[in-house]
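> Predicted model and sequence follow; I will ask about them next.
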Amino acid sequence: MQWNSWSEFLAMGGYAGYVWGSFGLTLLVIICEVFALRLRRRKAIARVKQLQSWSDQGLEYQE
Amino acid sequence: MIAFLIEVVRRDLLLAVRRPADAGTVLIFFVVVASLFPLAGNPDPVVLGNIAPGVLWVSALLACLLSLPRIFSGDYADGSLEQMVIAPQPLSVLVLGKIVVHWLISALPLVLLAPVLGLQYGLQGEPLFVLVLSLLLGTPTLSLIGAIGAALTLGSRGGGVLVSVLVLPLYIPVLIFGAGAVVASQAGLEVQAYVMLLVACFLLSLVVAPWATSIALRIALE
Amino acid sequence: MIAFLIEVVRRDLLLAVRRPADAGTVLIFFVVVASLFPLAGNPDPVVLGNIAPGVLWVSALLACLLSLPRIFSGDYADGSLEQMVIAPQPLSVLVLGKIVVHWLISALPLVLLAPVLGLQYGLQGEPLFVLVLSLLLGTPTLSLIGAIGAALTLGSRGGGVLVSVLVLPLYIPVLIFGAGAVVASQAGLEVQAYVMLLVACFLLSLVVAPWATSIALRIALE
Amino acid sequence: MSQLTVNNLACVRGDRLLFKNMSFALSAGELLYVRGENGAGKSSLLRILSGMLIPEQGSVLWDGRDVINGNEQYRLDSLFISHLNGLKDDLTLVENLRFSSYLATQSSQASQISDALGAVKLEAYAHERVGSLSQGQRRRISLARLWLSRARLWLLDEPFSALDVASVDLLAKRLQQHLQDGGMAILTTHQHVDIQAAVVHELKIAR
Amino acid sequence: MSQLTVNNLACVRGDRLLFKNMSFALSAGELLYVRGENGAGKSSLLRILSGMLIPEQGSVLWDGRDVINGNEQYRLDSLFISHLNGLKDDLTLVENLRFSSYLATQSSQASQISDALGAVKLEAYAHERVGSLSQGQRRRISLARLWLSRARLWLLDEPFSALDVASVDLLAKRLQQHLQDGGMAILTTHQHVDIQAAVVHELKIAR
Amino acid sequence: MSAINWFKYAAPQTFYPLAGRLIPWLYVIATLLALAGIYISFVIAPTDFQQGEAYRIIFVHVPAAWMSMVIYLAMAFWAAIGLVFNTRLSSMMAQALAPTGALFTLLALVTGSLWGRPTWGTWWVWDARLTSELILLFLYIGFIALRASIDSPQRADRATAVLAIVGAVNVPIIYFSVRWWNTLHQGASINMSSAPKMAVTMLTGMLIMALASWVYSIAVTFVRVRCIILERERHAGWVRQLEEVKS
Ligand code: HEM
Ligand SMILES: Nc1ncnc2c1ncn2[C@@H]1O[C@H](COP(=O)(O)OP(=O)(O)OP(=O)(O)O)[C@@H](O)[C@H]1O
Ligand SMILES: Nc1ncnc2c1ncn2[C@@H]1O[C@H](COP(=O)(O)OP(=O)(O)OP(=O)(O)O)[C@@H](O)[C@H]1O
Ligand SMILES: [Mg+2]
Ligand SMILES: [Mg+2]
């Protein structure tokens, strides 16, 4: 264990901005990607549902 | 008239949104060209710092130039331009709208990305700020002047390259003042004069360009 | 097959002759871009000599790039390309013919003019000769690789700028070897290795490009 | 009552004199067919009348005022549909019509646009990209502008080309109605289409 | 005796199923009209038959051999004229025809080319730039390829559009002769044109 | 519509539910690995005596850099398979891999910069590895831009496949040319190979983080492929029968 206290841990030996910046950015990118995909999936499903409801009404291939 | 301007801007922005690749590719072109220079020569930071203003300004200018033919060529080929020219609406307002959109799509993103490239070339502090400022003030002039060239070469057989040849000489003052501002700021000199000159270029071209472009368009369709 | 190649080259040369502005403007673009740099930065002769290989090679590359969309776009728009694709003649031979013409029209004049620009940047003797040699060996590769990009972007909405984005990263090795040769020769080093590498790039792309381009053309017309 | 008067017109394209001494007049409710073989100069005439091409000689007057060097009123009163469709592949049908309607009439109401699309039987495609339509469908969108127009004078270059039989009928009906309402139309066509009008002129451009 | 056989073809463009289960056969001397309203899929069918578009499903056979994945013989035997003219504005008529004839038949004799231009009544323009011709004249040059062709199967997309009456006649005659000589033709048109052939099929693409 | 024979898309049809079942597990595994990796990075790994704590960036930087290359190769591989065998699922895989690959490339560049600033005192140098990474980003962007600019997905599949293959042939050439260019100029910049010899704990940490990235990439790609399937096969009968659509 290298750290004597939380504040020391957070300070990262003076490189906090860089280290936490890197890890934070990576985490942010991952979260964004996962959420963007969730949104995309929801949209795609809504689209299929809409198409299905249209074709239930006999309107085929209409977008 | 303002309503019409808004309508034109709206339509052209919509078109641009439908093909986001366009705006993106101008930006990437800018980045790629700016990255070619270190590859083609010496990547030493001192040398790079020296050529940075020139390279970045020239790359921005080329990126802007490349996207010029698109201002009117699409409308010319599919016949929309015919409609615009014979419409009751004033042609110069329409032209202005198209120029505004060209700047928003092709130049603005490039201005916003410039600081990152500046960092890659080792620019920092004031010179970096001046780089962005000079691009912000200079690129509208590039769009305005470029539109004249784009209209003049419509339907002529030279195509994209001809635009470049017509327009590049007219771009030179902007390039000199723009890059000059950055060089001056690197040398610790005053940049105000350069900035004023850039603004003057902008105002002048704002008066001349829409009018000249409209005339050129009418000629192209004859 | 050779007869067909000749026929294609003949027709495209004829087309080029009918619009001499095209070849001319590529050349002028090259000259103007190469002259922008001294304007945008430091005109000190030592600095210029330092950046000369990079600037000249990058200018040549950009000039080549700008003329790429023209290889196929005309034939695509007017429907000639449809005829070519469904013709009994082999498509890759046709593609090769068009690439040859592109090189003759867009790159060769530029190679011939390079010594003059080299002199302006203070190059002399061996480095100048190496500059011309490297351009002579490198530009055919640029045309070959470029044709793939031009064919891929046919009918897509990106237009000219998209070609640049696709093709520029692929141009980097040629740029490095080409400009590298000049830099090496300036430093008094051996340039043979660079020349061999340029030839190798050329041979590789000669094998890959006509094939990939034909596939891309068929896709574009689907 | 507005009137189009053409005096002593001559047109040269390239090295060729297409026609000269052409004079005619057109009043409300009248239809003019421009006839002639391929290359006679029909499209060139229409481009002159639209104000795009400047004739070698002669004048075009709208209500007695010259048209050739820009005439605000004439621009509002005339509508030219050339053989190009003037459509953006990347916009939807509605978006395309919206803009061209705004351009020609300074208004663009959604209801009118969907009516026009209905008139040319393309409601089903309203929100599709024009780029994915067939040749004839594109022509129909371009013609939908006739349902949106308030112009008195229509200049139509080969309006029937690429249209299927049903659409030809539709268009003929619209033309008749326009003429009944006191409009005028000048059109070129190689097809035979029946259009009833009070007065039908025929102008033959011969070589 | 060559024969074109189409089995169970289906075509999807964008999101739309244009047709499915389409089967027919065509033998020497036979003419096939493809009918259907705008957007039915006529041009798409011809593009499939020309080998440019890959169908969703089904096969096209020429003398029993598959066409879709490239067939040397079929390329020699078939000629497709789409609604694009495939002409270079900057070349003269003769130069244009020279190249397209070479492309299709590996030969290009000056005498044949001037004969073909004569046939479509464009000798007078032989050495002019195509760029300065009218819409109908361009179409005629494109059709002049029919007088140069040795292909057995002609695929013609709206060949009559933009043509004046005289040219329509000319083309109809050429088609009849081709069919009499044992050729085959598939064509789409919205116009009514009389073409006599031993066997006339009609294929209706409905939605 | 149901009469169109969709049998040739059987692959997406079977893949879709399979991937759906795997995804939660992949997410869980990726998270666990990442947690372990982070624990090693911050708690077990000792302070570097040269660079201090800044070196901990290595635990995200290097996996990101590795992934950026691996994903490009995978992408080119699937694209080629799709082109040659005309299998839709392969092309979809390629399409789905591209954004993730581009993101990792971007991360490698940014974290590299964030590392370079404290260690080299500059955000960027034109070092061979950095430069090739930048070019790789351009290649990714080209791939994505080309797809975005073509309307028909089938055409886009095949066009991007040609690009990916040509790009893949070029990647080694680019890599070596850039290296060589860089050694010619030497000196000017700090060479990355001068990074400290790695302790075993560091290597372990990096490997675990890299493994987490792998699993994460697979999971995200699967999710994206499923979206693409839904978007592109929205007319297929089986898509209409899916539970998520019915409910
Ligand atoms: C923008 C800046 C940077 C970029 C784009 C970058 C890129 C890369 C790439 C592509 C790799 C993987 C190479 C391979 O495995 O062959 C890598 C690995 C590595 N990088 Fe960086 N890097 C950057 C900055 C730095 C800095 C500043 C350092 C340290 C001072 C550094 C140290 C390392 C180390 C130690 C490795 C692992 C080497 C190995 O596995 O052999 N990088 N980097
Ligand atoms: N490139 C394309 N992408 C997507 N859909 C297309 C494309 N081209 C055509 N379509 C669609 O295919 C359908 C048929 O088009 P096609 O051109 O085959 O019609 P057509 O029968 O020739 O009509 P016309 O009589 O108007 O020429 C149209 O509904 C159109 O929407
Ligand atoms: N841009 C141009 N430059 C030079 N000559 C031209 C140009 N456009 C047309 N011409 C010439 O003008 C003549 C008439 O062309 P126009 O397009 O008016 O004919 P048209 O009567 O509309 O024929 P079509 O029935 O074929 O449409 C043609 O002989 C053509 O050679
Ligand atoms: Mg005409
Ligand atoms: Mg059609």
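Done, it's in. Ligands and ions are numbered 1, 2, ... in the order given.

> wait, doesn't B:Val47 sit right on C:Gly54?
No. Look at B:Val47 against C:Gly54 with CB atoms under 8 Å: they stay out of range, at 9.8 Å. For glycine as for every other residue, the C-beta is placed from the backbone atoms N, C-alpha and C.

> Those two - which one has more neighbours?
Neighbours per residue, other CB atoms under 10 Å in any protein chain shown: of B:Val47 and C:Gly54, the larger number sits with C:Gly54, 24 against 19.

> Any idea what the closest residue to D:Val200 other than its chain neighbours is bridged to?
With sequence-adjacent residues excluded and distances taken as CB to CB, 6 or more residues apart in numbering or on different chains, D:Val200 is closest to D:Leu31, at 5.0 Å. Note on D:Leu31: beta-bridge partners by DSSP bridges are D:Ala185, D:Val200.

> can you count the residues close to D:Leu31?
The tally of other residues near D:Leu31 (other CB under 10 Å) stands at 23.

> List the buried residues for the helix or strand harbouring B:Phe72?
Assigned by DSSP states H and E, B:Phe72 belongs to helix B:70-78. Along helix B:70-78, the positions that meet the burial threshold by neighbour count (16 or more other CB atoms under 10 Å in any protein chain shown) are B:Arg70, B:Ile71, B:Phe72, B:Ser73, B:Gly74, B:Asp75, B:Tyr76, B:Asp78.

> out of these, who's nearest F:Tyr55?
Among those, B:Arg70 lies closest to F:Tyr55 (CB to CB), at 47.4 Å.

> I figured the closest one was touching B:Arg19, is that so?
No. Shown here, B:Arg70 and B:Arg19 do not form a contact pair, counting by CB under 8 Å, at 9.9 Å.

> Tell me if the helix holding B:Phe72 is near chain D.
Yes. With CB under 8 Å from any CB of the partner chain as the criterion, chain D is reached by helix B:70-78 at B:Gly74, B:Asp78.

> on contacts alone, who are the packing partners of that helix?
Where contact means 3 or more CB pairs under 8 Å, 6 or more residues apart in numbering or on different chains; DSSP states H and E, helix B:70-78 is packed against helix B:80-86, helix B:91-102, helix B:125-152, helix B:192-221.

> Check the secondary structure at the residue nearest to the spatial centre of chain F for me.
If you average the C-alpha coordinates of chain F and look for the closest C-alpha using CA atoms, centre = their mean, you land on F:Gly101, 2.6 Å from that point. Here F:Gly101 is helix, with the state taken from DSSP: H, G, I helix; E, B strand; the rest coil.

> mind listing what it touches?
Under the criterion of CB atoms under 8 Å, 6 or more residues apart in numbering or on different chains, the neighbours of F:Gly101 are F:Met67, F:Ser68, F:Ile71, F:Tyr72, F:Met75, F:Tyr140.

> Quick check: chain neighbours aside, which residue is closest to whichever residue of chain F sits closest to chain D?
Taking CB to the nearest CB as the measure, the point where chain F comes nearest chain D is F:Asp151, at 6.8 Å. Excluding the flanking residues, the one nearest F:Asp151 by CB to CB, 6+ apart is D:Gly131, at 6.8 Å.

> which ones are touching the one you found?
With contacts defined as CB under 8 Å, 6+ apart, the neighbours of D:Gly131 are D:Asp89, D:Asp90, F:Asp151.

> now swap in F:Arg117 and tell me
The contact partners of F:Arg117, by CB under 8 Å, 6+ apart, come to A:Tyr18, F:Trp123.

> Pretty sure F:Trp238 sits against F:Gln13.
Yes. Taking CB under 8 Å as the contact criterion, F:Trp238 and F:Gln13 are neighbours in contact, 5.2 Å apart.

> what are the ranges of the strands in chain D?
Taking DSSP state E to define them, one finds strands in chain D at D:3-13, D:16-27, D:30-35, D:57-62, D:65-66, D:78-81, D:153-157, D:184-188, D:199-204.

> at contact distance from chain B, anything in the shortest one?
This points to strand D:65-66. No. With CB under 8 Å from any CB as the measure, strand D:65-66 is seen stopping short of chain B, the closest distance being 14.8 Å.

> wait, isn't B:His191 in contact with B:Val183?
Not His; residue B:191 is Val. No. Shown here, B:Val191 and B:Val183 do not form a contact pair, counting by CB under 8 Å, at 9.5 Å.

> Please tell me how far the single nearest residue of chain B relative to ligand 3 sits from D:Pro55.
Residue nearest to ligand 3 within chain B: B:Glu222 (8.6 Å; CB to the nearest ligand atom). In this structure, B:Glu222 and D:Pro55 are separated by 11 Å, where distance is defined by CB to CB, to the nearest Å.

> who has more neighbours, the two?
Counted by other CB under 10 Å, B:Glu222 and D:Pro55 do not tie: D:Pro55 has more neighbours, with 23 against 10.

> before we move on, back to that, give me the subset of the contacts of D:Gly131 touching ligand 4.
Judged by CB under 5 Å from the ion, the overlap between the contacts of D:Gly131 and the neighbourhood of ligand 4 is nil.

> And those residues, which is closest to chain E?
In terms of CB to the nearest CB, no member of the contacts of D:Gly131 lies closer to chain E than F:Asp151, at 8.0 Å.

> Let me see the confidence value for that closest one.
Predicted confidence (pLDDT) for F:Asp151: 79.

> repeat for A:Cys32
The pLDDT attached to A:Cys32 in the predicted structure is 94.

> B:Gly159 too?
According to the prediction, B:Gly159 has pLDDT 56.

> Same question for the one 10 residues further on.
pLDDT, B:Pro169: 83.

> That one is in contact with C:Val32, isn't it?
Yes. With contact defined as CB under 8 Å, B:Pro169 counts as touching C:Val32 (7.4 Å).

> got the contact list for the residue nearest to D:Val200?
Taking CB under 8 Å, 6+ apart, one finds D:Leu175, D:Leu179, D:Met184, D:Ala185, D:Ile186, D:Leu187, D:Ile195, D:Ala197, D:Val199, D:Val200, D:His201 in contact with D:Leu31.

> name the helices or strands packed onto the longest helix belonging to chain D?
Ranked by residue count and defined by DSSP state H, the top helix of chain D is helix D:165-180. Taking 3+ CB pairs under 8 Å, 6+ apart as contact, the helices and strands that helix D:165-180 lies on are strand D:30-35, helix D:135-148, strand D:184-188.

> again, 10 Å this time
Here helix D:165-180 touches strand D:30-35, helix D:110-119, helix D:135-148, strand D:153-157, strand D:184-188, going by 3 or more CB pairs under 10 Å, 6 or more residues apart in numbering or on different chains; DSSP states H and E.

> re earlier: who touches both of B:Glu222 and D:Pro55?
Counting by CB atoms under 10 Å, 6 or more residues apart in numbering or on different chains, the contacts common to B:Glu222 and D:Pro55 are D:Arg47.

> in chain D, what residue is nearest ligand 1?
At 36.2 Å from ligand 1, D:Asp90 is the closest residue in chain D, using CB to the nearest ligand atom.

> show me what contacts the residue lying closest to D:Ala104 once chain neighbours are set aside?
Sequence neighbours aside, B:Ala87 is the residue nearest to D:Ala104 in space, at 5.9 Å (criterion: CB to CB, 6+ apart). For B:Ala87, the contact set (CB under 10 Å, 6+ apart) comprises B:Phe4, B:Leu94, D:Arg75, D:Leu76, D:Leu79, D:Ser100, D:Tyr102, D:Leu103, D:Ala104, D:Thr105, D:Gln106.
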